[in-house]
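Undergrad: Take this sequence and fold it.
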Amino acid sequence: MPSDARGHEPIFTGENAEPGGPDGLTVGRTAALVGVSVKTLHHWDTVGLVRPSGRSWAGYRLYSGDDVARIHRVLVYRKLGFPLAEIGRVLDDPDADARDHLSRQRSLLVERISGLQKMVDAVDHMMEALNTGIRLSPEEQREIFGDDWQPAWVEDAEDRWGDTAQWTQYAERVAWMTADDWRHVAAATEALHADLASARRAGVAPGSDEANALAERHRASIATYFDCTHSMHVCLGRKYVADPGFAAHYDALAPGLAAWLRDAIFANAEAHGVDPASAKWE
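TA: Have a look, this model is predicted:
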């Protein structure tokens, strides 16, 4: 193995390990200095983006101080998103205005940052909604849903159904709902309940066109929160009678409304090809 004049024995394993001299740095040392791979420097040399300006006594390529400075400029442009061809043009074209290129790229970066921040805000919004359900203060909830509304009902609902696909769908949908959106939903629900109560008092027969239309409106109101098939609607209709809380809620609107609504839902589902006797939650 060759040794230098001082008796040292440098290990030569190829160009990447060739020591530099006063005239420049080898590819390996330059790569380590600027934080890129040797393969990258070879590629930039091949495409003419950064070519080492010197050669060692053994013929190895050497990068001068100016070459390294050019590499740093390339890295800056690359970080800004410039394609390599455009970087070469900016660096080599005497008529190219680097300031204009940087100004344009800065504008694009600002737009990208703004877009990414909106995405972060959206994710935060979704995470909060998934954790809390309705994104309204307790005061807003009572103002929109009435004085008898209990914000704790949302937590109770999550405890009961939080591990279901329907609850996930509900949380995703309400995440984007504003207070005005909720006011619109509350008004539509109030109108629906009034029409259901009126139909019950007027003796509208379940299975009639009017009753079927009301049943479809009711199903659509459920679909505000999660996809509700006719089979799932039948399951809810059963619960409206079997669950004391639901039964009391509907019967307070009109005596016997809970059972009437169940029968109307059953008849409407049957009209859509679903057997209420065998309907299951899908």
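
Undergrad: only C-alpha atoms for contact and neighbour calcs from this point on.
TA: Will do.

Undergrad: quick one: the strands in the stretch 1-150 of the chain?
TA: Ranges of strands in the stretch 1-150 of the chain, per DSSP state E, counting those that start in this stretch, are 54-55, 61-62.

Undergrad: Quick one: list the elements packing against the last one.
TA: Judged by 3 or more C-alpha pairs under 8 Å, 6 or more residues apart in numbering; DSSP states H and E, the packing partners of strand 61-62 are strand 54-55.

Undergrad: and if we set it to 10 Å?
TA: helix 27-34, strand 54-55 (3 or more C-alpha pairs under 10 Å, 6 or more residues apart in numbering; DSSP states H and E).

Undergrad: picking that back up, quick check: which of the strands of the stretch 1-150 of the chain is buried the most?
TA: strand 61-62 (a mean of 24; mean count of other C-alpha atoms under 10 Å).

Undergrad: Off-centre distance for that strand?
TA: Distance of strand 61-62 from the chain centroid (C-alpha atoms, centre = their mean, to the nearest Å) equals 48 Å.

Undergrad: So which of the helices and strands packed on strand 61-62 is nearest Phe266?
TA: For those, proximity to Phe266 was assessed by C-alpha to C-alpha; helix 27-34 is nearest, at 73.3 Å.

Undergrad: And the chain, what are its domain boundaries?
TA: Using automatic domain parsing, the domain parsing of the chain gives 15-93, 97-162, 178-282.

Undergrad: export the ones you listed to CSV and tack on mean pLDDT and distance to Gln169?
TA: Below are the domains of the chain laid out as CSV (pLDDT from 0 to 100; distance: least, C-alpha to C-alpha, whole Å):
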stretch, mean pLDDT, distance to Gln169
domain 15-93, 84, 38
domain 97-162, 63, 10
domain 178-282, 93, 6
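
Undergrad: Pipe the ones you listed into CSV and attach distance to Thr168 per row.
TA: Formatted as CSV, these follow (distance: least, C-alpha to C-alpha, whole Å):
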stretch, distance to Thr168
domain 15-93, 38
domain 97-162, 7
domain 178-282, 9
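
Undergrad: and stretch 201-212, how far from the chain's centre?
TA: On the basis of C-alpha atoms, centre = their mean, stretch 201-212 sits 44 Å off its chain's mean C-alpha point.

Undergrad: can you pull the contacts of Tyr250?
TA: By C-alpha atoms under 10 Å, 6 or more residues apart in numbering, the residues touching Tyr250 are 193, 196-197, 240-241, 256-261.

Undergrad: cool, Gly65 as well?
TA: By C-alpha under 10 Å, 6+ apart, Gly65 lies in contact with 23-25, 53, 71.

Undergrad: just to revisit the earlier point, of the strands of the stretch 1-150 of the chain, which is nearest Ala277?
TA: strand 61-62 (84.2 Å).

Undergrad: List the neighbouring strands of the closest one plus their orientation.
TA: Note on strand 61-62: by DSSP bridges, its sheet partners are strand 54-55 (antiparallel).

Undergrad: can the strands of the stretch 1-150 of the chain go into JSON lines with extra columns for distance to Arg78?
TA: Output for the strands of the stretch 1-150 of the chain, formatted as JSON lines (distance: least, C-alpha to C-alpha, whole Å):
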{"stretch": "strand 54-55", "distance to Arg78": "25"}
{"stretch": "strand 61-62", "distance to Arg78": "23"}
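
Undergrad: re the thing from before, for Cys235, find the nearest of the helices and strands packed on strand 61-62.
TA: Going by C-alpha to C-alpha, the one of those nearest Cys235 is helix 27-34, 66.7 Å.

Undergrad: Which secondary structure elements does the closest one sit against?
TA: Using 3+ C-alpha pairs under 10 Å, 6+ apart: helix 27-34 touches helix 38-46, strand 61-62, helix 65-79.

Undergrad: That one versus helix 65-79: what angle between them?
TA: Between helix 27-34 and helix 65-79, the angle comes out at 50 degrees (axes from the mean of the first three to the mean of the last three C-alpha atoms, to 10 degrees).

Undergrad: buried stuff in helix 27-34?
TA: Across helix 27-34, burial judged by 16 or more other C-alpha atoms under 10 Å covers 27-31.

Undergrad: what does stretch 164-174 give?
TA: By 16+ other C-alpha under 10 Å, the buried positions in stretch 164-174 come out as 167-174.

Undergrad: Where do the helices of the chain begin and end?
TA: 27-34, 38-46, 65-79, 84-92, 98-132, 138-145, 152-161, 165-174, 179-201, 209-222, 230-242, 244-253, 257-271 (DSSP state H).
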